[in-house]
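# Okay, predicted coordinates and the sequence, questions at the end:
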Amino acid sequence: MSYREIYKRWQDDPEAYWLNEAKSIDWDEAPTQALFDRGENIYEWYADARVNTCYNAVDRHVKAGRGAQAAIIHDSPVTGTKHTITYAELQTRVASLAGALRAKGVEKGDRVIIYMPMVPEALEAMLACARIGAIHSVVFGGFSATELAVRIEDCTPKAIIAASCGIEPNRSVHYKPLLDGAIEQAAHKPEFCVIFQREQEVAKLVEGRDVSWHGFQYGVEPAECVPVEGNHPAYILYTSGTTGAPKGVIRATAGHLVALNWTMKNIYNVDPGDVFWAASDVGWVVGHSYICYAPLIHGNTTVVFEGKPVGNPDAGTFWRVIAEHDVRAFFTAPTAIRAVKREDPHGELIKKYDLSRLKALYLAGERADPDTIIWAQEKLGKPVYDHWWQTETGCAIAANPAGVEALPVKIGSPTVAMPGYDICILGEDGTPKEPGELGAIAIKLPLPPGTLPGLWNAEARFRKSYLETFPGYYETGDAGMIDEDGYLYIMARTDDVINVAGHRLSTGLMEEVLASHPDVAECAVLGAKDALKGQVPIGFVCLTKGVDRPAEDITKECVALVRDKIGPVAAFKLAVVVDRLPKTRSGKILRRTMASLADGEDFKPPATIDDPAIIDEIAAALKTIGYPQ
């Protein structure tokens, strides 16, 4: 069937379509109904089913006689190690860890925070939680103690699983002190912490609270898979919100299984047994969906890569991994390819490796700029597919369905809507826009399986964030257009969440941190275009009256403060002292105007600006830090 035929089949009878797709999953109790309308635009998928994610990702492949197949390839250039774990070995390891968690009192519905680097044990921790029906929440290892504490407060975990450290190309990241600091800050305290000790750094355990990863598994009976309801949360993943407070996106179990399994062949064009690699991190949604769950559910081999695209040892690392491990489909962020391109502009390192078996490169996480796509197409000689999705959706909203038929690539577009997504371009009043017209990107409800049914303990915020602006639609927060051929174009964000190297970060949260500096009276953070990272944050600070310290000292302290409170992931390195900020007469800071100045774009100051002369002052301040670039 063609893409159009498949999409129409879904349109004509969504219920039958998704029940048919559910047949690819092994159910304890198969669903008899696909969609459950809970009223007031709240929906659930396969709620009457019973199923276990870990069984579908691990046990069923062993049962089918494929236990000797590689499930995980760990390639760690930063530690100089590589090893492979088969499906049979993974089953044993996960069942043992799950049994140990169960013996310590972790039960179905309990939350477990996972704070780990890119090691196979991170996937094992996720799968062990799923095996016993616990709800995991993975927190990116680069986040600070403060951010970890916020998540501990929100999801109130019974246990935390962490590693002693993470390894960067030139340093170690000390996880245990950050974990200890977070627990000290949080009012909620976990009952116990499991610490995976890495040989690069052995952490000191807190007596009575901390247990070692290997030690607490000795003599414990392995756990069998616990069937859960189809609407049971598999995990909570926190994503930036415009208020600075993180939003806990819920992923329901059954829809997650069906949706991810569908994507592996239809979008990524891989068959069971093929090697698939998503060069991301388990702390982000890409890591959840395409390092851990989707490849294993589909019976693929997944690559867990611990390193950077450049510097370990060079910009050929990606191509070495692809050639060495026979990767068929490769998925990364445009910022990673830009980093490689910057170091190896002529693609000389690509020529060193046999990439003949690689089918395609997939890009997501931020808008893929044309220069990056064209460079990758030319140097790799492979299709390069941009696709668009969000933490909230868990997999692609729009993509090129290469496993069905490879549609013509239009550079600048993530191609077309996937089954389940009725994408609309709306004006501010909610009226549909014509093809080619710019507007807010919204998706007609209900969303398909695998998408968020809500936010953790925040139904009112869920409605306000996604459902209220356009009744009957999910608000994506992005602006764009659809052309005459049905191709979607993502043009901009409609809120203040910026995209730094594929990581969505809240400028509001950064402003809160800057405002906590004793010498800062007022501040604003904006996202400026960056050739490598897509966007970088720039902080503007107005000092408290009477402060006569050197501005350079204060900006250095501001940069250090954001790094300490949010973490290196914020990529906050630019701050400048200004006398005042541009505002409307009502007092609203004109961040968009400031961003236009930083990007060198033509713009017209809004009629409501309080003092137009301030525009020149901001432009002069930006020049001191090299903007526009």
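Yes, it's here.

# Going along the chain, name the strands of the stretch 501-629 of the chain.
503-506, 520-530, 534-543, 574-577 (DSSP state E, counting those that start in this stretch).

# list the helices and strands the lengthiest helix in the chain packs on?
When the chain is parsed with DSSP state H, its longest helix is helix 87-103. Here helix 87-103 touches strand 70-76, helix 120-132, going by 3 or more C-beta pairs under 8 Å, 6 or more residues apart in numbering; DSSP states H and E. For every residue, glycine as well, the C-beta is placed using N, CA and C.

# what's the spacing between Glu229 and Tyr46?
Per C-beta to C-beta, to the nearest Å, Glu229 is found 9 Å from Tyr46.

# Those two - which one has more neighbours?
The neighbour comparison of Glu229 against Tyr46 (other C-beta atoms under 10 Å) goes to Tyr46, with 30 against 19.

# what does the model give that one for pLDDT?
pLDDT, Tyr46: 98.

# List phi and psi for it.
When read as degrees, to the nearest 10, the backbone of Tyr46 gives phi 50, psi 40.

# what does the longest helix of the chain rub up against?
Here helix 87-103 makes contact (C-beta atoms under 8 Å, 6 or more residues apart in numbering) with 54, 58-59, 61-62, 66-72, 85, 112, 124-125, 127-129, 131-132, 134, 159, 194, 213, 216-217, 220-224.

# Need the buried ones from these selected in ChimeraX.
Buried members of the contacts of helix 87-103 can be picked out in ChimeraX with the line below, counting by 16 or more other C-beta atoms under 10 Å:
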select :54,58,59,61,62,66,67,69,70,71,72,85,112,124,125,127,128,129,131,132,134,159,194,213,216,217,220,222,223,224
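
# and stretch 12-29, how far out from the chain's middle?
Computed by C-alpha atoms, centre = their mean, to the nearest Å, the chain-centroid distance of stretch 12-29 equals 27 Å.

# same deal with stretch 143-151?
Centroid separation for stretch 143-151 versus its chain: 17 Å, with C-alpha atoms, centre = their mean.

# swap in stretch 134-141?
In terms of C-alpha atoms, centre = their mean, the centre of stretch 134-141 is set 12 Å apart from its chain centre.

# cool, and stretch 249-256?
Offset of stretch 249-256 from its chain centre (C-alpha atoms, centre = their mean): 15 Å.

# Endpoints of that stretch, how far apart?
The straight-line separation of the ends of stretch 249-256 (C-alpha to C-alpha, to the nearest Å) is 13 Å.

# do stretch 468-478 as well
Stretch 468-478 has an end-to-end distance of 15 Å (criterion: C-alpha to C-alpha).

# now do stretch 57-64
12 Å.

# go on, stretch 595-614?
Across its full length, stretch 595-614 reaches 14 Å between end residues, using C-alpha to C-alpha.

# I'd like the average pLDDT over that stretch.
Stretch 595-614 comes out at a mean pLDDT of 82.

# Quick check: buried residues in that stretch?
Applying a neighbour-count criterion of 16+ other C-beta under 10 Å, one finds 595-599, 609-610, 614 buried in stretch 595-614.

# which other residues reach that stretch?
526-529, 538, 580-586, 590, 593, 615, 618-619, 622, 627-629.

# Swap in 7 Å and give it another go.
Applying C-beta atoms under 7 Å, 6 or more residues apart in numbering, the contact partners of stretch 595-614 are 526-529, 538, 580, 582-585, 590, 593, 615, 618-619, 622, 627-628.

# now stretch 218-232
28, 31, 44-52, 54-55, 59, 95-96, 98-100, 102-103, 108, 131-133, 252-254, 453.

# same thing with stretch 314-330?
For stretch 314-330, using C-beta under 7 Å, 6+ apart, the contacting residues are 73, 75, 77, 268-270, 274-277, 279, 303, 305, 307, 309, 340, 343-344, 349-350, 352-355, 357-362.

# Which ones among those map onto strands?
Counting by DSSP state E, those place 73, 75, 275-277, 303, 305, 360-362 in strands.

# Pick the one among those closest to Leu380.
The nearest member of the ones in strands among the contacts of stretch 314-330 to Leu380, counting by C-beta to C-beta, is Leu361 at 6.3 Å.

# For the closest one, give me its contacts.
By C-beta under 7 Å, 6+ apart, the contact list for Leu361 reads 330, 376, 380, 382, 384.

# redo that, cut-off 10 Å
By C-beta atoms under 10 Å, 6 or more residues apart in numbering, the residues touching Leu361 are 318, 322, 329-332, 337, 355, 373, 376-377, 380, 382-386.

# Could you count how many residues lie near Arg342?
13.

# can you start the count at 16 instead of 1 from here on
Understood, numbering begins at 16; the last thing we discussed is Arg357.

# Could you report the pLDDT at the nearest residue in space to it that is not next to it in sequence?
Spatial nearest neighbour of Arg357, chain neighbours left out: Leu547 (6.4 Å); criterion: C-beta to C-beta, 6 or more residues apart in numbering. Looking at Leu547, its pLDDT is 88.

# can you give me the strands in the stretch 66-215 of the chain?
Here the stretch 66-215 of the chain has its strands, by DSSP E, counting those that start in this stretch, at 85-91, 96-101, 126-130, 150-153, 174-178, 180-183, 186-189, 207-211.

# pLDDT at Pro385, what is it?
Listed pLDDT for Pro385 reads 79.

# ditto for Pro398
Looking at Pro398, the pLDDT reads 98.

# which residues does the residue nearest to it when sequence neighbours are not counted bridge with?
Leaving out its chain neighbours, the residue that sits closest to Pro398 by C-beta to C-beta, 6+ apart is Ala375, at 4.4 Å. Following DSSP bridges, Ala375 is listed with bridge partners Ala344.

# ok, Ala375 touching Tyr400?
Yes - taking C-beta atoms under 10 Å as the definition, Ala375 is a contact partner of Tyr400 at 5.8 Å.

# Comparing these two, which shows the higher neighbour count?
In terms of neighbours (other C-beta under 10 Å), Tyr400 is the more surrounded of Ala375 and Tyr400; the figures are 27 against 19.

# Alpha carbons of stretch 373-393, in CSV - could you do that?
Only the C-alpha atoms of stretch 373-393 are listed here, as CSV (Å, rounded to 0.1, in the frame of the first residue of the first chain):
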residue,chain,number,x,y,z
LEU,A,373,23.4,2.3,5.9
LYS,A,374,20.0,3.0,4.4
ALA,A,375,19.3,6.6,5.6
LEU,A,376,20.1,9.4,8.1
TYR,A,377,17.2,10.7,10.2
LEU,A,378,17.2,14.1,11.8
ALA,A,379,15.0,15.5,14.5
GLY,A,380,15.0,17.4,17.8
GLU,A,381,15.2,20.8,16.1
ARG,A,382,14.6,22.3,12.7
ALA,A,383,17.1,20.8,10.2
ASP,A,384,18.6,23.7,8.3
PRO,A,385,19.1,23.3,4.6
ASP,A,386,22.9,23.6,4.6
THR,A,387,23.2,20.7,7.0
ILE,A,388,20.8,18.4,5.0
ILE,A,389,22.5,19.2,1.7
TRP,A,390,26.0,18.6,3.2
ALA,A,391,24.9,15.2,4.6
GLN,A,392,23.2,14.2,1.4
GLU,A,393,26.3,15.0,-0.6
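
# before we move on, back to that, just the ones in strands among the contacts of stretch 329-345 now: which is nearest Lys571?
Ranked by distance to Lys571 (C-beta to C-beta), the ones in strands among the contacts of stretch 329-345 are led by Phe320 at 33.6 Å.
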